[in-house]
Structures are given as structure tokens and as C-alpha cells.
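>>> Sequence and computational prediction follow.
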Amino acid sequence: MARAIMVQGTMSNAGKSLLAAGLCRIFHQDGYRVAPFKSQNMALNSFITEDGLEMGRAQVMQAEAAGVAPHVYMNPILLKPTNDMGSQVIVNGEVLGNMSAREYFAYKKNLFPAIRRAYGALEAEYDILVLEGAGSPAEINLKQEDLVNMGMAKLAGAPVLLAGDIDRGGVFAQLVGTVELLEPEERALVKGLIINKFRGDQTILDPGVAMLEERTGIPVVGVVPYMDIDVEDEDSLSERLTGHKTVEAVDIAVIRLPRIANFTDFNVLESLPGVSVRYIQRVDQLGHPDMILLPGTKNTMRDLLWMRQNGLEAAVQKAHQAGTVIFGICGGYQMLGESLSDPLGVEEGGELRGMGLLPMRTEFAGEKTRTRVTGQVQPLPGPLSGLSGLPVEGYEIHMGVSTARAEQQPATRLADAVTGTEKADGGALASGVYGSYVHGFFDRPEIAREIAKSLAARKGLDYEAEPAMDYAAYKETQYDILADTLRRHLDLPRIYRILEEGIGR
């Protein structure tokens with residue numbers, strides 16, 4: 001049976017996902033069969049496995065770091081917020097339904113069997129499981145029937161490494177306060193503390209580390225520096241969505257929708273030299289980009305209304321008239337059509353006028369499309385015609401069905417890996433408006449490079465000198481850099497002892 005270790009944090013965005021990924025990589029490099037596990041994840045970034053099931057992208061990223069294929073058992077419960085008060089609940093990759101926060105809190109005890117089954121299946125297959133908690137284990141209003149922090153640690157017999165974020169300030173209060181708010185039996189599970197995202201001279205920190213160990217009685221097993229590692233982020237707290245970036249030769253603007261989903265679709269574009277990818281929320285941030293991307297969203301209708309109310313819809317339409325390329329993915333693609341209809345109340349109910357940039361209509365269905373696809377870009381008109389004939393692969397996650405009029409050419413021809421059928425996808429117009437349901441559309445290096453090349457050529461710039469980048473290989477180098485950094489700054493011999501001893505004293 002696998003040994004387990006768990007990374008918890010003092011707050012959201014303390015760096016749990018990255019630390020867990022780094023440990024997965026280290027154990028993998030050291031010759032162990034290792035897998036990640038997060039019993040419950042709340043995020044809008046999700047992924048479709050080879051068997052057509054949905055899971056959080058953070059565990060996909062960690063599985064990549066561990067050198068294994070992602071499996072839905074690595075994230076048996078996924079909550080995708082639909083609004084401020086509720087979420088779509090996904091269990092073992094399939095939609096259970098929408099629940100308010102109160103409904104879910106009352107229901108979640110029923111999910112323990114699914115969690116035990118998923119964890120047991122992984123436990124039988126791997127040598128080491130690296131578990132990740134959620135938020136903070138000290139949220140006293142949420143501790144009843146806990147299934148993701150200390151409750152999961154007890155179930156798995158996993159010793160806990162508790163990480164605090166010094167970059168946001170107050171790390172000593174974070175760590176001491178969290179430990180103090182734990183019950184004695186929970187506190188006994190915490191075997192190591194990590195000060196994460198440190199900048200500066202560590203010798204200045206040493207007195208604080210000694211005091212921290214004295215106050216808590218728990219060893220500090222690492223002071224990890226702030227890492228500029230380019231791996232996929234979990235959710236909308238990602239710093240890549242808030243950073244103010246310099247406009248490069250090729251400038252791409254992504255509309256940062258309130259319920260943005262799968263913004264990792266654009267990571268490969270962001271990694272290209274000479275290309276800036278800026279996330280914007282206001283008209284005054286838009287500027288004059290070469291391409292505007294409309295991303296996926298958990299609530300297409302509500303986010304389109306948000307764009308309509310703050311003027312971004314009109315700004316995108318005006319930019320299109322001025323010749324800017326517009327590209328929508330999934331929910332962003334749906335927005336580009338003429339109308340959105342929701343007869344079953346899947347999102348908001350009723351009908352909503354679309355942006356009118358593609359001649360199509362979308363109707364939301366009760367059943368989610370959830371599949372992986374491979375195929376080829378169709379002959380495209382307009383400024384991205386260079387993509388024509390290139391291979392494309394990815395996955396679809398959407399509730400809507402879009403029907404195009406004859407004048408809208410399909411963007412791709414796809415083979416559905418789950419059903420085996422072939423189908424047309426997306427839309428393209430000579431005026432420079434494009435859309436697709438495929439998450440991962442830009443991931444292949446030839447696709448990303450051709451987009452940069454085409455956009456540069458429209459400005460009279462030559463992008464020929466830039467080599468195509470293998471994005472999968474690039475991610476592998478990032479996981480290795482992550483592991484190398486953690487090896488230098490974590491007390492790995494002690495962590496291996498913690499792993500070996502488990503939760504016993």
C-alpha cells in the first residue's frame with residue numbers, strides 16, 4: 001500500500017498545488033511510482049481524461065510532474081462555481097448537479113464513499129501519494145464532516161506539511177494561528193512547517209524560524225523562495241491574471257471574465273518570445289491588441305451581460321470593425337453568436353442576444369458535452385488562414401449546442417475520442433472572427449507559432465526567426481526546475497523520514 005504525505009496551507013493560494021507538484025516530481029525522479037490526490041477541488045480550470053471524465057487541472061499538472069497519466073480518481077470531487085452562492089458538483093468525473101453552498105455542506109458526508117474508493121484505488125497502484133488540502137484546515141465553520149484537509153489526512157494516515165505564504169505578509173501569525181486553531185489530534189498530524197514564497201536574505205529570517213519552532217513544537221522543513229515557474233495555475237487567483245505586462249511586438253488581450261474557466265488554454269501563447277498575453281477587465285486596459293481572446297466561462301450568459309454592462313462588448317465589436325482578430329473558445333465562442341437560449345434554466349434561463357460576430361445560435365442543453373478530440377483545422381478564411389490544415393487536439397466541456405448558418409465556415413473537423421464519430425466544430429469568417437469548442441486548441445507548437453507569425457505579418461513584422469516550441473517538452477523542463485529548487489530549499493531527508501514514519505510519533 002502506498003505511503004502518503006499531505007501539503008496543506010494557511011490560506012488559499014499559499015502555494016500548496018506547486019509544492020505538491022514539486023514533491024511529485026522529486027519522488028518520481030527518485031524512482032518511485034507517485035500520484036497526486038485532492039479529494040475535493042473548487043476550480044473552474046478543468047480537464048477531460050481519455051475516458052471522457054472531468055477533473056481539476058491542478059491534479060492534471062501534478063500528474064504530469066509525477067510522470068503519470070491523469071485519472072479522475074486523483075480528484076474525485078470537483079466543484080465548479082456557477083455563482084457566488086453555488087456550484088456544479090462533479091463526482092468521479094460526472095455531473096451530480098448544481099447545489100447551493102448550504103445544500104452542499106449538508107450533502108457532502110454522502111461523498112465519503114466515493115473519496116474512499118478513489119483513494120483506495122490509487123493506494124493499491126502507487127508507492128507514494130502526495131495529497132493536497134484546500135484553503136485552510138483552521139476554517140472552524142467548515143470543519144464539520146471535513147473531507148479535504150484534516151479529515152482526509154486522518155483517512156489516509158498522511159502526515160501533514162503546513163505551508164504559509166510569507167510574500168503576502170504575516171507568515172508567523174499564519175502558521176502559529178493555524179496550528180493553535182487545530183484540535184489536539186489534528187495538531188499531532190502536522191509534522192513539518194514550510195515558509196513559502198520567500199524573497200531576500202534568509203539569515204534575517206533565522207530568528208523567526210527558531211521562534212516558530214519553539215512556539216509550535218513543529219520543525220520548519222524548508223524556506224522556499226518565490227519561484228518564477230511557468231506551470232499551469234489552478235484558478236482565478238493566479239498571478240498571471242493580474243500582472244501588468246509590457247506590450248510586445250505581438251499583443252494579445254484576453255477578456256478576464258468574472259467566471260473565467262480554463263485560462264490555461266492561453267499559456268502556450270504566453271510562453272512565445274515576442275508575444276504578450278494581457279488579461280483585461282476594463283475598456284481602458286484594452287488598448288489596440290492584435291488579437292482579442294474570449295475565454296471559456298462557467299456562466300456564458302451572465303458573463304456576456306457583464307461585458308455588455310461595462311462596455312467591453314462594444315469595445316470588442318469596435319476592435320473587430322477596426323480589423324482586430326477575434327477568437328472565442330468554448331463559452332467565449334458561444335458569446336460571439338447571434339443568440340443564446342436557455343429553455344431549461346441551465347445557466348440563467350430565457351434568451352439573450354449574442355455579440356453578433358458569428359452567424360450562429362446556441363441553446364443550452366441539460367447534458368454536458370465531455371470528450372477528447374483530435375482533428376485538423378479546416379481551410380480558414382481571413383488573417384489566420386495560415387492555420388489551415390494544421391493538426392489540432394484537445395477536449396470539450398460545455399453545456400450548449402451551437403448551430404451555424406451556411407455562411408459560417410467550420411474552424412475544425414474533429415474525431416470524437418469517446419463516441420468515435422466525426423464532426424465539424426467552431427466557426428470562421430473572412431472578417432477575422434473565429435471560434436472553437438476545443439480547449440487546448442493553441443497547445444500544439446505549430447498552431448501557436450503560426451498565430452504569432454500571422455499576427456506579426458499583418459504589422460509588417462517577420463516572425464520567421466523564432467523557432468517552434470514543443471510545449472510539452474517546455475513543461476517538462478519547468479517541472480525539473482521546480483524539483484531542483486525544492487531540493488535546495490527543503491529538508492528532504494527529514495521529509496523522507498516523515499513519509500516513512502507516517503502519523504505515528
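Cool, the structure landed.

>>> Please make it C-alpha for all contacts and neighbour counts, starting now.
Fine.

>>> Return the set of buried residues in the longest strand belonging to the chain.
Of all the elements of type strand in the chain, the one with the most residues (DSSP state E) is strand 360-377. Residues 360-365, 370-377 are the ones in strand 360-377 that count as buried (16 or more other C-alpha atoms under 10 Å).

>>> same thing with stretch 214-225?
Neighbour-count burial for stretch 214-225 [16+ other C-alpha under 10 Å]: 216, 218-225.

>>> picking that back up, can you tell me which of the buried residues of strand 360-377 is closest to residue 62?
residue 372 (19.8 Å; C-alpha to C-alpha).

>>> Who's the closest spatial neighbour of the closest one, skipping the chain neighbours?
Distances taken as C-alpha to C-alpha, 6 or more residues apart in numbering put residue 395 closest to residue 372, at 4.1 Å, once the chain neighbours are dropped.

>>> same deal with residue 42?
residue 79 (4.5 Å).

>>> element containing that neighbour?
strand 77-83 (DSSP states H and E).

>>> And that strand, what does it pack against?
strand 40-42, strand 54-56, strand 86-91 (3 or more C-alpha pairs under 8 Å, 6 or more residues apart in numbering; DSSP states H and E).

>>> ok, 7 Å please
strand 40-42, strand 86-91 (3 or more C-alpha pairs under 7 Å, 6 or more residues apart in numbering; DSSP states H and E).

>>> Just give the strands next to the next helix or strand after the longest one in its sheet, each with its orientation.
Moving toward the C-terminus from strand 86-91, the first helix or strand encountered (DSSP H and E) is strand 94-100. Its sheet considered, strand 94-100 pairs with strand 86-91 (antiparallel) by DSSP bridges.

>>> how about stretch 477-490: buried residues?
478-483, 485-487, 490.

>>> How far does that stretch sit from its chain's centre?
21 Å (C-alpha atoms, centre = their mean, to the nearest Å).

>>> So what touches that stretch?
22, 25-26, 65, 221-224, 229-231 (C-alpha atoms under 7 Å, 6 or more residues apart in numbering).

>>> How is the protein divided into domains?
3-231+476-501, 250-460 (automatic domain parsing).

>>> What is the distance between the longest one and the centre of its chain?
Right, the one you point to is domain 3-231+476-501. 15 Å.

>>> still on that earlier bit, so the helix or strand that the longest strand of the chain is followed by versus strand 360-377, what angle?
Downstream of strand 360-377, the first helix or strand assigned by DSSP H and E is strand 391-404. Inter-element angle recorded for strand 391-404 and strand 360-377: 160 degrees (by axes from the mean of the first three to the mean of the last three C-alpha atoms, to 10 degrees).

>>> Report all helices and strands that strand 391-404 contacts.
Strand 391-404 packs on strand 360-377, going by 3+ C-alpha pairs under 7 Å, 6+ apart.

>>> What pairs with the strand it packs on, parallel or antiparallel?
Using DSSP bridges, strand 360-377 pairs in its sheet with strand 339-342 (parallel), strand 391-404 (antiparallel), strand 412-416 (antiparallel).

>>> outside of that strand, which residues touch it?
Against strand 360-377 from outside (C-alpha under 7 Å, 6+ apart): 48, 50, 52-53, 334, 337-342, 344, 346, 387-405, 411-418.

>>> Can you flag the buried ones in the residues you listed?
Counted by 16+ other C-alpha under 10 Å, the contacts of strand 360-377 give 48, 50, 52-53, 334, 337-342, 346, 387-388, 390-402, 404, 411-417 as buried.

>>> one step back: which of the buried residues of stretch 214-225 lies closest to residue 120?
residue 221 (28.4 Å).

>>> so the closest one touches residue 491, yeah?
Yes: the criterion here is C-alpha atoms under 7 Å, and residue 221 meets it with residue 491 at 5.2 Å.

>>> so for the helix or strand harbouring residue 177, what's the average pLDDT?
Assigned by DSSP H and E, residue 177 falls within helix 171-181. Averaged over helix 171-181, pLDDT sits at 96.

>>> Now do the helix or strand following that helix: which elements does it pack against?
Downstream of helix 171-181, the first helix or strand assigned by DSSP H and E is helix 184-187. Helix 184-187 sits against no helix or strand, with contacts defined as 3+ C-alpha pairs under 7 Å, 6+ apart.

>>> Keeping just the C-alphas, turn helix 184-187 into CSV.
Output in CSV follows, covering the C-alpha atoms of helix 184-187 (Å, rounded to 0.1, in the frame of the first residue of the first chain):
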residue,chain,number,x,y,z
PRO,A,184,-5.0,18.4,19.5
GLU,A,185,-5.5,15.3,17.4
GLU,A,186,-5.3,17.4,14.3
ARG,A,187,-2.2,19.3,15.5
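
>>> So what touches it?
150, 179.

>>> Give me the subset of the contacts of stretch 477-490 that lies in helices.
Using DSSP state H, the subset of the contacts of stretch 477-490 located in helices is 22, 25-26, 65.

>>> thinking again about what came up before, format the domains of the chain as TSV; extra columns: distance to residue 470.
Shown next, in TSV, are the domains of the chain (distance: least, C-alpha to C-alpha, whole Å):
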stretch	distance to residue 470
domain 3-231+476-501	10
domain 250-460	6
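
>>> quick revisit: dump the contacts of stretch 477-490 to a markdown table, plus pLDDT.
A markdown table is the format used below for the contacts of stretch 477-490 (pLDDT from 0 to 100):
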| residue | pLDDT |
| --- | --- |
| 22 | 98 |
| 25 | 98 |
| 26 | 98 |
| 65 | 97 |
| 221 | 97 |
| 222 | 96 |
| 223 | 96 |
| 224 | 96 |
| 229 | 87 |
| 230 | 85 |
| 231 | 86 |
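
>>> re earlier: and the buried residues of strand 360-377, which is the shakiest by pLDDT?
residue 365 (86).

>>> The strands paired with strand 360-377: which one's closest to residue 204?
strand 391-404 (47.5 Å).

>>> Next one: residue 225 from residue 146, what distance?
31 Å (C-alpha to C-alpha, to the nearest Å).

>>> swap in residue 436?
For residue 436 relative to residue 146 (C-alpha to C-alpha), the value is 39 Å.

>>> For the two, indicate the residue with more neighbours.
Neighbour totals were compared for residue 436 and residue 146, and residue 436 leads with 23 against 16 (other C-alpha atoms under 10 Å).

>>> could I get the ones in helices among the contacts of stretch 477-490 as JSON lines with neighbour count?
Converted to JSON lines, the ones in helices among the contacts of stretch 477-490 look like this (neighbours: other C-alpha atoms under 10 Å):
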{"residue": "22", "neighbour count": "25"}
{"residue": "25", "neighbour count": "28"}
{"residue": "26", "neighbour count": "23"}
{"residue": "65", "neighbour count": "31"}
